[in-house]
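In: my questions are about this predicted structure, shown below with the sequence.
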Amino acid sequence: MVITEKEIWHYLEDVPDPEIPVISVLDLGVVRNVEITEDEKVNVTITPTYSGCPAMSAISISIRKKLIQQGLRNINIINQLSPSWTTDWMTEEGKQKMKAYGIAPPTKNASSDDLFSDEQNIECPQCGSTDTRLISQFGSTACKAMYQCNDCHEPFDYFKCHH
């Protein structure tokens, strides 16, 4: 069976992130490289959203399972910490899916330095208001912060920016 790297990328479009199932691991930007070696080994390089991300083992298993379903057997998942993952690697489509799911996607104007300041107005994914306030620096996972909208009063997760 001859398979191309392009086909593997296509298969990975269907691998959901275990913490935000409406986006794929490609939307999230954790898949950094796909390579087929001369001996037909498939190497998939992934980078965690942060070095202690507990979802990485689930992502590795899901990628391996998807590729096995496509008839591949010689699969190597490589965890790469450098360069560090950044929200810049997320797709715009993924950010829109995240917002529709009720999680405020990272914003280009936010940085880790000003994320928790009163100056930061994160858009509510429910009503679109930027009159929001930080409730907790950590939301449902460590890569999210918990905010509340002052207009519709709904609490929501904000996916923190990492640059």
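Out: Nice, I can see it.

In: show me what the top helix by length along the chain is packed up against.
Out: As assigned by DSSP state H, the longest helix anywhere in the chain is helix 56-69. On a contact count with 3 or more C-beta pairs under 8 Å, 6 or more residues apart in numbering; DSSP states H and E, helix 56-69 meets helix 5-12, helix 25-28, strand 42-46, strand 75-79. The C-beta positions use only the backbone N, C-alpha and C, and glycine is treated the same way.

In: using JSON lines, lay out these together with mean pLDDT.
Out: What follows is these, written out as JSON lines (pLDDT from 0 to 100):
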{"stretch": "helix 5-12", "mean pLDDT": "97"}
{"stretch": "helix 25-28", "mean pLDDT": "97"}
{"stretch": "strand 42-46", "mean pLDDT": "98"}
{"stretch": "strand 75-79", "mean pLDDT": "97"}
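
In: looking at these, which is buried most?
Out: Using mean count of other C-beta atoms under 10 Å, the stretch among the helices and strands packed on helix 56-69 with the largest mean neighbour count is helix 25-28, at a mean of 24.

In: restricting to C-alpha, output that one in CSV.
Out: Extracted as CSV, the C-alpha positions of helix 25-28 are listed here (Å, rounded to 0.1, in the frame of the first residue of the first chain):
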residue,chain,number,x,y,z
VAL,A,25,-5.7,18.3,16.4
LEU,A,26,-4.9,20.1,13.1
ASP,A,27,-7.1,23.0,14.0
LEU,A,28,-5.4,23.2,17.4
